[in-house]
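Asker: Give the three-dimensional model of this entry:
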Amino acid sequence: MFLRSLIICCYLMGAYWASYHFPSMKMVFYPTLGAFSFLFMHRVDNIREIRRIIIGAIIAVTMGSIFYTISTGAVSFFLTALVTITLIQFFKWNAAPILAVSFIPYFAHPVSMWALPIAVLVSLTGLLVSIWLIGKVEQLNWYVSLSGKITQARLQIRTPFESLKKEV
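Answerer: Numbers count the residues shown, from 1 in each chain. Purely as a prediction, here's the structure:
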């Protein structure tokens, strides 16, 4: 799990750097990308499900952008939420960040209707590549061996502290 956390944090750092240089895209990178990262980090072994969630996020942000382009008011926001929740339930996209990403246009105020869908596509595709990389590294023999040794060492350190904790 440490490797996953390290790679995801490096990716988020890169996303933050990009958002700093392109301020109009800041809401795309945080907090939504962080939520997707945490969600995907626990699903490294299921790339097919991750792709489905990414497709759902692209559809949701595109719908949110379309509704926002039509009207910036509360009714448009309500329709975005209603349609997105309906799609999440219908397609069984088990990912709450999809709803969050659909609201980005209402807070980021994009200049173009396609700016946010493209930015979300790029950022989530980069995240998918990072997740794929994690899966490949975790399959390497040297990593499996190292990970086993680290786990054993952690358990040896942890055992005395657990007995002390039980006494207290």
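
Asker: how about the residue most central in space within the chain, phi and psi?
Answerer: The centroid of the chain falls nearest to residue 36 when counting by CA atoms, centre = their mean (1.4 Å). Here is the backbone geometry of residue 36 (degrees, to the nearest 10): phi -60, psi -40.

Asker: neighbours around the closest residue to it other than its chain neighbours, how many?
Answerer: Leaving aside its sequence neighbours, residue 36 sits nearest to residue 97 (CB to CB, 6 or more residues apart in numbering; 4.9 Å). All C-beta atoms are positioned from the backbone trio N, CA, C, and that covers glycine. Residue 97: 23 surrounding residues under other CB atoms under 10 Å.

Asker: so where's this structure uncertain?
Answerer: 24-25, 27, 158-168 (pLDDT under 70).

Asker: Mind doing that once more with 90?
Answerer: Low-confidence segments of the chain, defined by pLDDT under 90: 1-4, 15-32, 41-47, 94-96, 107-116, 119, 133-168.

Asker: where do the strands sit along it?
Answerer: Assigned by DSSP state E, the strands in the chain number zero.

Asker: for the residue nearest to the centre of the chain, what are its contacts?
Answerer: Neighbour list for residue 36: 53, 57, 95, 97, 101, 124, 127 [criterion: CB atoms under 8 Å, 6 or more residues apart in numbering].

Asker: same check, this time on residue 67
Answerer: Contact analysis of residue 67 by CB under 8 Å, 6+ apart lists 76, 77, 79, 80, 83, 105.

Asker: Could you dump those into CSV and include distance to residue 15 and neighbour count?
Answerer: As requested, the contacts of residue 67 are exported to CSV (distance: CB to CB, whole Å; neighbours: other CB atoms under 10 Å):
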residue, distance to residue 15, neighbour count
76, 28, 18
77, 25, 18
79, 29, 15
80, 24, 23
83, 27, 16
105, 19, 27
